[in-house]
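Enquirer: any chance you can model this:
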Amino acid sequence: MPLVEFAYNNSFQVSIGMAPYEALYGRPCRSPSCWVEPGDRLVLGPDIIRDATNKVDWIRKHLKTTQSW
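Expert: Have a look, this model is predicted:
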């Protein structure tokens, strides 16, 4: 759930002209450095960036699909 919330809060919203996080706090959100769930293997280096980017892209794609209904 934290990844869904992160993706939504940092996605550009046409109605307000910016991401909700930026509208609320007046600055862009910094990306979390680690999204490892307890019990998962620890991902280090470029792998964490690639994994996080893939997850955020997947979530954004699904949010856009859901919003278009």
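Enquirer: if we go by neighbour counts, what in stretch 50-62 is buried?
Expert: Using 16 or more other C-beta atoms under 10 Å as the test for burial, stretch 50-62 gives Ala52, Val56, Ile59. Backbone N, C-alpha and C define where each C-beta goes, glycine included.
Enquirer: for the second one, what is the enclosing helix or strand?
Expert: Just to be clear, that refers to Val56. Secondary structure assignment for Val56, by DSSP states H and E: helix 46-67.
Enquirer: elements contacting that helix?
Expert: Applying 3 or more C-beta pairs under 8 Å, 6 or more residues apart in numbering; DSSP states H and E, one finds that helix 46-67 makes contact with helix 2-9.
Enquirer: got CSV for the buried residues of stretch 50-62, with distance to Thr65 and pLDDT too?
Expert: Listed next are these as CSV, based on distance: C-beta to C-beta, whole Å; pLDDT from 0 to 100:
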residue, distance to Thr65, pLDDT
Ala52, 21, 78
Val56, 15, 82
Ile59, 11, 80
